[in-house]
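Engineer: build me a structure from this.
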Amino acid sequence: MKIFGMRKVGRVEIILAVVLLLLGGLYISWQTMGLDLNEEEEFVFEPTRWSADYQISEENGQTIVKNEEAGFSFVVPKEWSAEIKEYEPQKFLLEMTSPDARPFEGQVVLEEGCAVVVALKNDPDPTEVSILRASIEGNLLEDQEVIVVGGYKALKQIIEWFGTEIFVQIPMNEEDILLISSTSQAEHCFSTFENLLSSFVIT
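Structural biologist: Take a look at the predicted model:
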């Protein structure tokens, strides 16, 4: 298991991460509110803060990630790497990749292997929280379903885009939204992703 510290990444490197984190929320918002994606309007969402409070440690032969600020922890899949990334000033995420992860030449999108991104939005837009909760309570789109992660109801959405991408959004409270996303070309990655979700403990 490789465990990395925090490092800054370049713009090219974070394209996939930004898409994973933002597309799910904006896609849900646009669809739920009936907005036309072709309208010449500027939609700006700027969360106050993206948590960097990820502590990575080895415990009983497992790699554990904890975020004490939000009160959650989970187990990193065996032999995967885990790395905290700052992709813009004060915007952080935790990226995990399988040992065989390999991007297409000159790109960030994976050709092989698995990747999972975890991010915590602090003080999100209240409208986004309301839309997310409404979706979870029954206002679902065709490709969405409600699941339970760590005892919390969560919205799961699958999008076929550069492979299969799975977005999971959890309203932790009125101040935090936990995002977990997976992207892959391989079926076995999704069973690993489900195991990762089942390892979540949220207090």
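
Engineer: all the helices of this protein, residue numbers only.
Structural biologist: 15-33, 126-136, 188-198 (DSSP state H).

Engineer: for the ones you listed, which has the smallest mean pLDDT value?
Structural biologist: Set side by side, the helices of the chain differ in mean pLDDT, and helix 15-33 is lowest with a mean of 43.

Engineer: ok, and the closest non-adjacent residue to Asp100?
Structural biologist: Spatially, and ignoring its direct neighbours in sequence, Asp100 is nearest to Gly113 (4.2 Å; Cβ to Cβ, 6 or more residues apart in numbering). Every C-beta, even on glycine, is put in place using the N, C-alpha and C of the backbone.

Engineer: pLDDT value on that neighbour, please?
Structural biologist: Gly113 carries a pLDDT value of 86.

Engineer: hmm, it is touching Ala101, no?
Structural biologist: Yes. Using Cβ atoms under 8 Å, Gly113 is in contact with Ala101, at 3.2 Å.

Engineer: any idea what Glu160 is bridged to?
Structural biologist: Thr164 (DSSP bridges).

Engineer: how many neighbours does it have?
Structural biologist: 8 (other Cβ atoms under 10 Å).

Engineer: so how far is Glu137 from it?
Structural biologist: 26 Å (Cβ to Cβ, to the nearest Å).

Engineer: name all residues that make contact with the residue nearest the centre of the chain.
Structural biologist: With distances taken as Cα atoms, centre = their mean, the residue of the chain nearest its centroid is Ile180 (2.8 Å). Counting by Cβ atoms under 8 Å, 6 or more residues apart in numbering, Ile180 touches Val116, Val117, Val118, Val149, Phe167, Val168, Ile170, Leu196, Leu197.

Engineer: let me know the closest of the residues you listed to Glu58.
Structural biologist: Ranked by distance to Glu58 (Cβ to Cβ), the contacts of Ile180 are led by Leu196 at 16.9 Å.

Engineer: close enough to count as contact, the closest one and Ser73?
Structural biologist: No. The criterion here is Cβ under 8 Å, and Leu196 misses it with Ser73 at 11.7 Å.

Engineer: which residue is the nearest non-sequential neighbour of Ser51?
Structural biologist: Leu120 is the one closest to Ser51 (Cβ to Cβ, 6+ apart), at 4.0 Å.

Engineer: shaky segments in this structure?
Structural biologist: Applying pLDDT under 70 to the chain picks out residues 1-48, 105-109, 161-163, 185.
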